[in-house]
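Engineer: sequence plus the predicted model coming up.
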Amino acid sequence: MAVPTTFDHRVTNYSLPHAYWLARAAGLSYQDREAIEAQARSWGFDTVRHHETRFTPPFPLQDTQAYTMASEHMIVTAFRGTEPAQIRDWLSDATTPPWPGPGGTGYVHYGFAKALASVHPAVVKTVGELRTNGQSLWFTGHSLGGALAMLGAARLYLEEPLLKADGIVTFGQPRTCDRLLAAACNKGFKGRMYRFVNNNDIVPQLPAEPAFTHVDALRYIDSSGRIGEAPGALAGLADRTRGLTADAFAPVSDGVRDHAMRNYLTALEKNLA
């Protein structure tokens, strides 16, 4: 395997090369409109739509941003994340109430529900308008964007089944929902929903269990940068300990450092080389 040099629009199933390109799409969501449009078109996506909204205090986020890029064979919707410190403080707030999940299935974190609700109608409208050729549909995002990608795809699956996504790939995604909604997604997206976690990344450890949980199909990046399935409890603890001690001068910052999107891309490139 080698690092792919082009975005393959005809892919319909999960693969590590496709995850690499979705990681690049997730990283692109942090750029401005002009940069997103220029890069998307260089990848062969001739249509780009932006989905943006701004919030007013006391809601902890300033805005929600996402974009959809479409070609003759593929549509990708990517959600932007936020700074680790901001989302860590927000997800650590035990007073945040739960919110009913998509289609009345389980519940989700209130902040995720509100952030997604502000752009979801535009995403549904865009996908409905652009998916005219049976294109595959993929959702992706990093950090908060990963939670919104998973939740947005879940809403389509449970509320707009004709627009069901072909796959979801996220990076550094926080726990998003309860066990009922996670189980529904595990069933509905079996073999087509994957979340990457880089060693000691702090964000996937929040908010606390058991109120919130993760969907299955973990792709774990170990302290050496190798990508594999979920390690056993003891092996995982040992590897996370190795990650914490890799930098003797800054062990406490490892969880924030591991969250950086560039480190996810570096690991994917290493495993494809």
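Structural biologist: Nice, thanks for sending it over.
Engineer: when you work out contacts or count neighbours from here on, use the C-alpha atoms and nothing else.
Structural biologist: Will do.
Engineer: correct me, but Ala122 touches His51?
Structural biologist: Yes: Ala122 lies in contact with His51 (CA atoms under 8 Å); the separation is 6.5 Å.
Engineer: which of the two has more neighbours?
Structural biologist: His51 (19 against 15; other CA atoms under 10 Å).
Engineer: same question for the host helix or strand of the more buried one: list its buried residues.
Structural biologist: With secondary structure defined by DSSP states H and E, His51 is part of strand 47-54. The neighbour-count check on strand 47-54 (16 or more other CA atoms under 10 Å) flags Val48, Arg49, His50, His51 as buried.
Engineer: now the stretch 151-273 of the chain, which segments are flagged as low pLDDT?
Structural biologist: Residue ranges of the stretch 151-273 of the chain with pLDDT under 70: 231-254.
Engineer: again, only using 80
Structural biologist: The model of the stretch 151-273 of the chain has pLDDT under 80 over residues 230-255.
Engineer: helices of that one, start to end?
Structural biologist: Taking DSSP state H, counting those that start in this stretch, the helices of the stretch 151-273 of the chain run over residues 179-188, 233-245, 254-257, 261-272.
Engineer: likewise the stretch 1-150 of the chain?
Structural biologist: 16-28, 33-42, 84-91, 110-117, 120-130, 144-159.
Engineer: closest to Asn271 out of those?
Structural biologist: helix 16-28 (8.6 Å; CA to CA).
Engineer: contacts for the closest one next, please.
Structural biologist: Contact partners of helix 16-28, identified using CA atoms under 8 Å, 6 or more residues apart in numbering, comprise 3-4, 7-8, 11, 36, 78-80, 140-142, 145, 169-171, 261-262, 264-265, 268-269, 272.
Engineer: drop anything exposed from these.
Structural biologist: For these, a burial check counting by 16+ other CA under 10 Å picks out 7, 36, 78-80, 140-142, 145, 169-171, 261, 264-265, 268-269.
Engineer: not counting residues beside it along the chain, what's closest to Arg10?
Structural biologist: Of all residues not flanking Arg10 in the chain, His73 sits nearest, at 5.9 Å (CA to CA, 6 or more residues apart in numbering).
Engineer: and Ala211, its phi and psi?
Structural biologist: Torsion angles at Ala211 (phi, psi; degrees, to the nearest 10) stand at phi -60, psi -40.
Engineer: state the distance from it to Leu91.
Structural biologist: To Leu91, Ala211 is 12 Å away according to CA to CA, to the nearest Å.
Engineer: and the two? Which one has more around it.
Structural biologist: In this view Ala211 and Leu91 are compared by other CA under 10 Å, and Leu91 has more residues nearby, 21 against 15.
Engineer: before we move on, the earlier item: how about the buried residues of strand 47-54, which pair is most distant?
Structural biologist: With CA to CA as the measure, no two of the buried residues of strand 47-54 lie farther apart than Val48 and His51, at 10.1 Å.
Engineer: shared neighbours of these two, anything?
Structural biologist: Tyr67, Thr68.
Engineer: name the nearest residue to Phe45, sequence neighbours excluded.
Structural biologist: Closest residue to Phe45 apart from its sequence neighbours, by CA to CA, 6+ apart: Ser71 at 4.6 Å.
Engineer: does the one you found touch Arg41 like I think?
Structural biologist: No: assessed by CA under 8 Å, Ser71 is found out of contact with Arg41, at 9.3 Å.
Engineer: what sits up against stretch 178-197?
Structural biologist: 13-14, 101, 105-108, 154, 157, 166-173, 204, 211-221.
Engineer: which among the residues you listed count as buried?
Structural biologist: The neighbour count (16+ other CA under 10 Å) marks 14, 101, 105-108, 154, 157, 166-173, 204, 212-221 as buried among the contacts of stretch 178-197.
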